[in-house]
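Student: Quick one, what's the 3D model for this:
(2 chains)
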Amino acid sequence: MKIHKYDTVIVGAGGAGMRAAIESTKRSRTAVLTKLYPTRSHTGAAQGGMAAALANVEEDNWEWHTFDTIKGGDYLVDQDAAEILAKEAIDAVLDLEKMGLPFGRTPAGEIDQRRFGGHSRNHGEAPVRRACYSGDRTGHMILQTLYQNCIKEGVEFFNEFYVLDQLIVEEDGVKKSAGVVAYELATGEIHVFQAKSVIYASGGTGKFFKVTSNAHTLTGDGQAACYRRGLPLEDMEFFQFHPTGIWRMGILLTEGARGEGGILRNKDGERFMEKYAPVMKDLASRDVVSRSIYTEIREGRGCGPEGDHVYLDLTHLPPEQLDAKLPDITEFARTYLGIEPYTDPIPIQPTAHYAMGGIPTNVEGEVLSDNTTVVPGLYAAGEVACVSVHGANRLGTNSLLDINVFGRRAGIAAAEYSHKSDFVELPENPAQLVVDQVERLRNSTGTERVAALRTELQETMDANVMVFRTEQTIKTAVEKIAELRERYLNVSIQDKGKRFNTDLLEAIELGNLLDLAEVMAVSALARKESRGGHYREDFPTRDDVNFMRHTMAYREVAADGSDSIRLDYKPVVQTRYQPMERKY
Amino acid sequence: MATPTMDKAEAAGKGAPEPGFADSPYIKVTFRIRRFNPEISEDAEWQDFEVDMDPKERVLDALHKIKWDQDGTLTFRRSCAHGICGSDAMRINGKNRLACKTLIKDINPHKPITVEAIKGLTVLKDLVVDMDPFFQAYRDVMPFLITKGNEPTRERLQSPEDRERFDDTTKCILCAACTSSCPVFWNDGQYFGPAAIVNAHRFIFDSRDEGGEQRLEILNDKDGVWRCRTTFNCTDACPRGIEVTKAIQEVKRALITRRY
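Tutor: Residues are numbered from 1 along each chain as shown, chains lettered A, B, ... in the order given. Below is the predicted model:
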């Protein structure tokens, strides 16, 4: 076991982690731990754009953006956080441009902007061009630009280091962060990183679904590490299903395709979104569009022999426009479906895309151990966190914005905290939990297989807690997950070695997915209303009287070592916007 | 063990009837994988696995089926599974490709499909190579915007034409398919390799950048662009369709004319 000491440790090297690292490296001795190489992070898969009311191409302002974000989140958004997001968006985009990001340009040479779902002029009058973009590879350009600037700033990376435990020490009744424990993939060695500040920026948890746009590596490791140590998870029942994933594969096809004029059609060729969202049509918010697609499918208007998908139609758009604005997604259609998007519509279905919930933080990125108490030295930003700027449903292009605004804030706050604080003493045997976990899996002779359990988990999640949910389906999922968690104790792996043991890491990742799936399902069961991405057919309307509040899920451990989930609730921060019925 | 040459194998696959594709989409495909684990043996060896595949599936799907259902010790990197993250560059039938962008139907599935680690970088285990020299070469070309003078209040202006000038090389995902397909790089690891030059190109031809001279001097080095023998392997290998050789030629021309 090796022990390292840093002022600031950042867990994850996607957009949020690297944006934080650029700030914290300037101010404090910083280490970035990533289970991949930085440029492999899933920020690179984001396509369509990053919202900011630059008003380069038409009238816009950050107040309209704030309103759209709150309305898009079905009023579960903390309004103070949304205001910061929209206000700081403008500098976030300009900062990236100055770092070298090659944005698309207007004829005047300014940053060009395109339409995106839920972003509107003057509180819902009509779509507005607010998304700054770089073709349909905006996330790729952000990830590359941030990595390039990390090189420029001399950021220290530990590549292929998996953080498996968060060290929490209680001093005078206050929970404090002492550091993290990591597993080095190349050698199997365990490392303890003692740090004054820790920032989680480890991304989402979409891999508990089968049809998902998420990478194989998005297994909620940061959420799980904190949750296991008694920290709450906020609003985990809210998961976004992106309307346009490639049929059966889930690969993302950007909403920018509809921003450029693409149209969703059912088997009769009908532009069905006109029925569900008369003003915004195909550019309504993602939860609305995904439900509309499944309504079409359920009512027998789906496409194909099994009627299980609809079409994204780009055939009326000039090929030059597709080549210039949507080169990657048109190539995906050609590569994976053998379809020519110039002439043929693309079969799509909603795909599990983004966790609105996560580790609760305040607007400085400080992690909360309950509704109000900060954990000194612990921060989170990006998809792993819940500020909450996305509420019950995130608007497209607000995640690339989130990672930049709150990644930057967390990086500054964590580095400044490290200046005024001492190291928290490490607990005795700091690596014990990880050592035990790794040894148990390596030595297990159990009969259960990781892949089989993961497939069963993904299938139950797709069947029971996707776009439409009922008490019955959620209960089915809860029971199945409990069964899988029991069987997980009996999994074994084939690779017993120390060198690049990805067999072992997949087993650990499955444990994280199971814990988080349970939190999601239990949180969803208790929320007896429909709001944003959480739609209950047995409670089809929003219930502001009883549920205008954030879910806070805690892991409780009984004396016999068994665990259960305790749910609590946290008020939503409301400033200037009163909840209204959401119409697009 | 004989390795079928890629071109013949592929030529045989194209235009041939697709037996068994009509009823069940699944066919039996043999994957011949180069295994290496120094914890067990210093020697690498080929191992065959038979897998039921839908020809529309990816080679990455096959590797997962092997790892998940047959042999958990098979080791490879992967993440996004759709050609964006650059983790899974490997030699498939003798040619560098991303496993997640290579469909079974696009390579001849009726003969064993060979899969091995990319060349020119040290193999650490099975299909995993040491990427550090590759990323070091990338860092050496100063892959970040260099500007002089004060920053503007708003964005720097750039015309759509100037933006388009370097668009092709912004697509790079640092997968190393190009660099590890380059015969010069195989023979001399000191050579920067195509990927680093592509990323230098991305900045040299960016109208906002003012570090072109510095980068050109770095690339004028004995291990720089002049080592390129224009074999076009890199262009063939690039999963993003970047015209890599052309970009290298443009850098060479810029070195001669000092115009970019």
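Student: Show me the shaky parts of the chain.
Tutor: Picked chain A for this. Residue ranges of chain A with pLDDT under 70: none are present.
Student: Chain B is the one I meant
Tutor: Low-confidence segments of chain B, defined by pLDDT under 70, are located at B:1-23.
Student: Check the gap between the residue of the stretch 151-260 of chain B found nearest chain A and A:Arg105 for me.
Tutor: Residue nearest to chain A within the stretch 151-260 of chain B (Cβ to the nearest Cβ): B:Leu157, separated by 3.5 Å. Just so you know, the C-beta spots here come from the backbone N, C-alpha and C atoms, and that holds for glycine as well. From B:Leu157 across to A:Arg105, the span is 8 Å (Cβ to Cβ, to the nearest Å).
Student: So the residue nearest to A:Val211 when sequence neighbours are not counted: helix, strand or coil?
Tutor: Distance criterion Cβ to Cβ, 6 or more residues apart in numbering or on different chains; nearest residue to A:Val211, sequence neighbours excluded, is A:Gly250 at 4.2 Å. Put simply, A:Gly250 is coil when judged by DSSP: H, G, I helix; E, B strand; the rest coil.
Student: Could you measure from A:Gly250 over to A:Thr212?
Tutor: Per Cβ to Cβ, A:Gly250 is found 5 Å from A:Thr212.
Student: Can you work out which residues contact both of these two?
Tutor: Shared contacts of A:Gly250 and A:Thr212 (Cβ atoms under 8 Å, 6 or more residues apart in numbering or on different chains): A:351-352.
Student: neighbour count winner among the two?
Tutor: Just comparing A:Gly250 and A:Thr212: by other Cβ atoms under 10 Å in any protein chain shown the higher neighbour count belongs to A:Thr212, 28 against 24.
Student: Now do the contacts for the more buried one.
Tutor: By Cβ under 8 Å, 6+ apart, the neighbours of A:Thr212 are A:206, A:245, A:250, A:351-353.
Student: for B:Pro239, same thing?
Tutor: B:Pro239 touches B:83, B:89, B:97-98, B:101, B:173, B:175, B:177, counting by Cβ under 8 Å, 6+ apart.
Student: Just the buried residues of the contacts of A:Thr212.
Tutor: Neighbour-count burial (16 or more other Cβ atoms under 10 Å in any protein chain shown) applied to the contacts of A:Thr212 gives A:206, A:245, A:250, A:351-353.
Student: and of these, the nearest to A:Arg334?
Tutor: A:Gly245 (16.5 Å; Cβ to Cβ).
Student: how close does the nearest residue to that closest one once chain neighbours are set aside sit to A:Ser388?
Tutor: Nearest non-adjacent residue to A:Gly245, counting by Cβ to Cβ, 6+ apart: A:Thr351, 2.5 Å away. Going from A:Thr351 to A:Ser388 by Cβ to Cβ gives 23 Å.
Student: tell me, how many neighbours does A:Val438 end up with?
Tutor: The burial count for A:Val438: 21, using other Cβ under 10 Å.
Student: Next, the residue nearest the centre of chain A: secondary structure please.
Tutor: Central residue of chain A (Cα atoms, centre = their mean): A:Glu383, 3.5 Å from the mean position. Recorded secondary structure, A:Glu383: coil (three-state DSSP).
Student: Hmm, A:Gly357 and it touching each other?
Tutor: No: using Cβ atoms under 8 Å, A:Glu383 makes no contact with A:Gly357, being 9.7 Å away.
Student: who does A:Val174 bridge with?
Tutor: Per DSSP bridges, the residues bridged to A:Val174 are A:Glu171.
Student: That one is in contact with A:Gly377, isn't it?
Tutor: No: here A:Val174 does not reach A:Gly377: they are 10.7 Å apart, not a contact under Cβ under 8 Å.
Student: Excluding chain neighbours, what is closest to A:Ala82?
Tutor: A:Thr69 (4.5 Å).
Student: now A:Glu110
Tutor: Once flanking residues are discounted, A:Glu110 sits nearest to A:Asn56: 4.6 Å by Cβ to Cβ, 6+ apart.
Student: A:Gly109 now?
Tutor: B:Leu157 (3.5 Å).
Student: Could you pull up the residues touching that neighbour?
Tutor: Residues near B:Leu157 by Cβ under 8 Å, 6+ apart: A:108-110.
Student: backbone phi and psi for the residue nearest to A:Ala82, please?
Tutor: Main-chain dihedrals, A:Thr69, degrees, to the nearest 10: phi -60, psi -40.
Student: Report how many residues lie close to it.
Tutor: 29.
Student: Hmm, it is touching A:Thr397, no?
Tutor: No: assessed by Cβ under 8 Å, A:Thr69 is found out of contact with A:Thr397, at 10.4 Å.
Student: At the geometric centre of chain B, which residue sits there?
Tutor: When Cα atoms, centre = their mean is applied to chain B, the residue found nearest the centroid is B:Ala177 (1.6 Å).
Student: Assign a three-state SS to the residue lying farthest from the centre of chain B, would you?
Tutor: Largest separation from the mean C-alpha position in chain B: B:Thr153, at 38.8 Å (Cα atoms, centre = their mean). Following three-state DSSP, the label given to B:Thr153 is coil.
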